[in-house]
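1. Here is my input; please provide its structure:
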Amino acid sequence: AGSADASHTTASVPAGTAGEVTTVTITVLDEYDNPVTGVSGDLSVTVGGSNSGSTVGSVTDNGDGTYTVSYTPTIAGTDNLAIALAGTAISGSPYSSAVSPGPLAKLVILTQPSATANSGEAFGQQPTIELQDAFGNPATAQGSSRTILSATVSSGNGSLIGMAAVRLTGTTERWSFADLGIMGEAGTYELEFSLTTQPVDYGVLPIKSDAIVLSAGAPDASATTAVVASGTAGEPTTITITVRDSEGNPISGVPLGDFEITTGGANSGAIMGDIDDNGDGTYTVTYVPTIAGTDNITITLGGNEIGDSPYTSDVSFGALAELILVGDDTDLASGGTRSVTVTLKDAYGNTITSGVESTVEVIFMQQGGQGSITGLSTVDAANGVAEITLTGEKAGTVILIAGTTVPTLESNTLTFDVTVNKSALQ
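-> Got it, this is the predicted structure:
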């Protein structure tokens, strides 16, 4: 054979696979197409394109005019191999090699789910998962007839909402979820994505998302509750409302106009004060009852009654503030008898029916008048009522009054006339 001729020299460059050796075969010929040996040192191969700059091995002289050289691509795409003989490009150079991804090896999260989310609501940013080979090239599970990509909650006390599992086709390289979200307790969560393949098991390990901070969801009237204290006439009664979402997370910042609180029962129509947002999911409001009895407190949130509404509040009487003296004010014949009573009241007219003040000593006295009676005395009230029996004595007007010393109070007056009992004179 004559001298090697670059214009008669050709190469065979196969398609490649990421991570696998690609072997290039060069056939060196002279101008008469005779194979030429012994020129391995004159051959050079340079990789451009996707795997530009890849290391190329030594050229092997096969002793028959063919020479082999290899390199290992790692990036899927198209490589351009420039082959020269003694510095001159051979025929057909540069040669192209289509590099395919290697076998499926891992999952990668291309787009993380939202870093913050509300319970029960879809993520504003949905996760996108890509199937990759060991070198980060998009890959597929072509050898699998059943490929399932699944998302689960790996940390945090909650559960996923939305379509959390999808069956991928054999040509699917990536998947973007559309409606994933978390419903659960407020806190920090992580998601886990896993891939199952059948019948081929690629051994792909699950991957975890970045942390997701879950906050309370929308207010739920049925999960919202209240504590209504027992009341006392004339004193503020405090109502504490705890607003929660469907998972029991407390919610602050609810528009105060979303609440409606009404009173029925003993103090029906009582005026509620302003509602305060305490910043921790609780809201407080007060009203002042004046009538002893049972109040029924109806509470709505967004037009819906909250859990356990209506609530009851037992309103007790206030402090002793008034003595009400009551009796017949018609004429009393001398020697005749009649009963008079004093009822113990608070400032709002409620009878003091129990407690220490319901049994105070009541002093019955004649304040004035020319007539006289017997039976005036000091008696202990019982259940808020003190009673004595009077007997008419000297004819004339009698003005009665009653009082207490602890506290110091005076009743209204009661006036009647004692008359002569004419039948007793006969």
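
2. Surely Gly231 and Ser316 touch.
-> Yes - in this structure, Gly231 is within contact of Ser316 by C-beta atoms under 8 Å, at 7.2 Å. (Each C-beta comes from the backbone N, C-alpha and C, glycine too.)

3. Those two - which one has more neighbours?
-> Set Gly231 next to Ser316 and count neighbours by other C-beta atoms under 10 Å: Gly231 wins out with 27 against 18.

4. Next up, the contacts around that one.
-> Thr237, Pro289, Asp295, Ser313, Asp314, Val315, Ser316 (C-beta atoms under 8 Å, 6 or more residues apart in numbering).

5. which stretches of the chain have low pLDDT?
-> Counting by pLDDT under 70, the chain contains low-confidence ranges at 422-426.

6. For it, which segments count as helices?
-> Counting by DSSP state H, the chain has helices at residues 422-425.

7. Ile161 pairs with what?
-> Gly181 (DSSP bridges).

8. burial measure for it, as a count.
-> The local packing of Ile161 (other C-beta under 10 Å) involves 17 other residues.

9. is the residue nearest to Gly349 when sequence neighbours are not counted in a bridge, and if so with what?
-> Nearest in space to Gly349, with sequence neighbours left out and distances taken as C-beta to C-beta, 6 or more residues apart in numbering, is Glu322 at 7.6 Å. Going by DSSP bridges, Glu322 is paired in beta bridges with Lys345.

10. Do a quick rundown of the strands in the stretch 251-400 of the chain.
-> Applying DSSP state E, counting those that start in this stretch to the stretch 251-400 of the chain gives strands spanning 259-265, 276-277, 282-287, 293-301, 304-305, 311-316, 322-327, 332-333, 337-345, 361-368, 373-374, 378-380, 385-392, 396-404.

11. Out of those strands, flag the one nearest Val39.
-> Closest to Val39 of the strands of the stretch 251-400 of the chain is strand 276-277 (C-beta to C-beta; 87.7 Å).

12. So in that sheet, which strands flank the closest one, and in what orientation?
-> Applying DSSP bridges, strand 276-277 is found paired with strand 282-287 (antiparallel).

13. what's the nearest residue to Asp258 if we skip its chain neighbours?
-> That would be Gly302: by C-beta to C-beta, 6+ apart, it lies 5.0 Å from Asp258.

14. check contacts around the one you found.
-> Here Gly302 is in contact with Pro219, Ala221, Asp258 (C-beta under 8 Å, 6+ apart).

15. can you pull the contacts of the second one?
-> Spelled out, it's Ala221. Ala221 is in contact with Thr300, Leu301, Gly302, Asn304, Glu305, Ile306, Gly307, counting by C-beta under 8 Å, 6+ apart.

16. Pick out the most distant pair among those.
-> Gly302 and Gly307 (13.5 Å).

17. quick check: longest strand of the protein.
-> Ordering each strand of the chain by length in residues (DSSP state E) puts strand 187-198 first.

18. Tell me the buried residues in it?
-> For strand 187-198, a neighbour-count test (16 or more other C-beta atoms under 10 Å) marks Gly187, Tyr189, Leu191, Phe193, Ser194, Leu195, Thr197 as buried.

19. How many neighbouring residues does the nearest residue to the last one once chain neighbours are set aside have?
-> Closest residue in space to Thr197, ignoring its immediate chain neighbours: Ser144 at 3.8 Å, by C-beta to C-beta, 6+ apart. A count of neighbours around Ser144, defined by other C-beta under 10 Å, yields 19.

20. Using JSON lines, lay out the contacts of Gly302 together with distance to Asp274.
-> Formatted as JSON lines, these follow (distance: C-beta to C-beta, whole Å):
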{"residue": "Pro219", "distance to Asp274": "19"}
{"residue": "Ala221", "distance to Asp274": "21"}
{"residue": "Asp258", "distance to Asp274": "14"}
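
21. Could you point out which of those residues is nearest to Asp245?
-> Pro219 (6.5 Å).
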